[in-house]
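Participant: Fold the following for me, if possible:
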Amino acid sequence: MSRTARYPGARLLLFARSPVRGRVKRRLAAEMGEQAAFDIHCAMTAYLAGMAGGAALMPACLYAWPDVDSPWLQNLAARHALQLRAQQGSDLGERMGNALAAELRHADFAILIGSDCPGIDPAYIEAAAARLQAGVPWVFGPAIDGGYGLVGTCRADPAPFRNIDWGTAEVMAQTRDRCRAAGLAWEELDALYDIDTREDWLRLQRDRPELCGNLVW
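Facilitator: Next up is the predicted model:
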C-alpha cells in the first residue's frame, strides 16, 4: 500500500477460494459451464484484490481456501501487496470467525469481504469502517440473494457464525437471529448483488462493463 492508510489500526480481509475448474462457482457453472465459471471467479477475485490493495483504507490480507499454496493466489497477493494467509476451520462460519479473531488480536476492528460481490468498493468499505470506528460492534453488507458479502466487527465472537445454512437464501436472516439471541447489536449497509447466476453476470455486464473485460458469453 503506497499511500498512508486512513485506518491503519484496522484490517481488511478478502476471502477467496483457490481457483480450480469445477470447484468454483458451481451454480454459475451449471448454467454457463465450468470454464466460464472459472474465468468469472478469477476475474472477480482479481478485481477485488486490486481494490483491497489499492484503496489505501487499511492494511489488507488475502485469506485463501483450501489451497493457500495456489501459485495464482500467491501471484495475486504479491501483485497487490496483500498478506496471504490460510483460512482455518471446518466450515465457512468457523473460517470467518477464526480469521476475524486472529486479526483482532492486533487490530481495532476488522472487515471481511467475499470475492464475488463487485459492488463492494472503497466507499462501501469506508461506510462499514466509519460505523465500527464510531462504536457499532457489528456491521453487515447484505446480499440481495439472502446472504452477505461483508462483515465487520471489533469483537471476536463466534455467535453470528454458528449453525448457519451457508450457501442458502437464509444466511442473513439466520445471522440476524444469532445476533439477537446473543444480545449483539449490529447495523446493515445497503444490499448488493453477487455473481452466482448467469442473470447476475448479465446484470454486471450491463452495470459495470469495464469490470468484465473480454469475458463475454
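
Participant: Pull out the buried residues from whichever strand or helix holds residue 211.
Facilitator: Using DSSP states H and E, residue 211 sits within helix 209-212. For helix 209-212, burial by neighbour count (16 or more other CB atoms under 10 Å) applies to residue 212. No exception for glycine: its C-beta is placed from N, CA and C like everyone else's.

Participant: Give me the mean pLDDT for the helix ranked longest in the chain.
Facilitator: Longest helix in the chain by number of residues (criterion: DSSP state H): helix 34-54. In this model, helix 34-54 carries a mean pLDDT of 95.

Participant: strands paired with whichever helix or strand comes after that helix, and their directions?
Facilitator: Beyond helix 34-54 on the C-terminal side, the first helix or strand identified by DSSP H and E is strand 60-65. On the basis of DSSP bridges, the sheet neighbours of strand 60-65 come out as strand 10-17 (parallel), strand 83-86 (parallel).

Participant: related to what we said a few turns ago, and the longest helix of the chain, what other elements does it pack with?
Facilitator: If contacts are counted by 3 or more CB pairs under 8 Å, 6 or more residues apart in numbering; DSSP states H and E, helix 34-54 sits against strand 10-17, helix 26-32, strand 60-65, helix 71-79, helix 209-212.

Participant: Go through the strands paired with strand 60-65 and pick out the most buried.
Facilitator: Counting by mean count of other CB atoms under 10 Å, strand 10-17 has the highest mean neighbour count of those, with a mean of 25.
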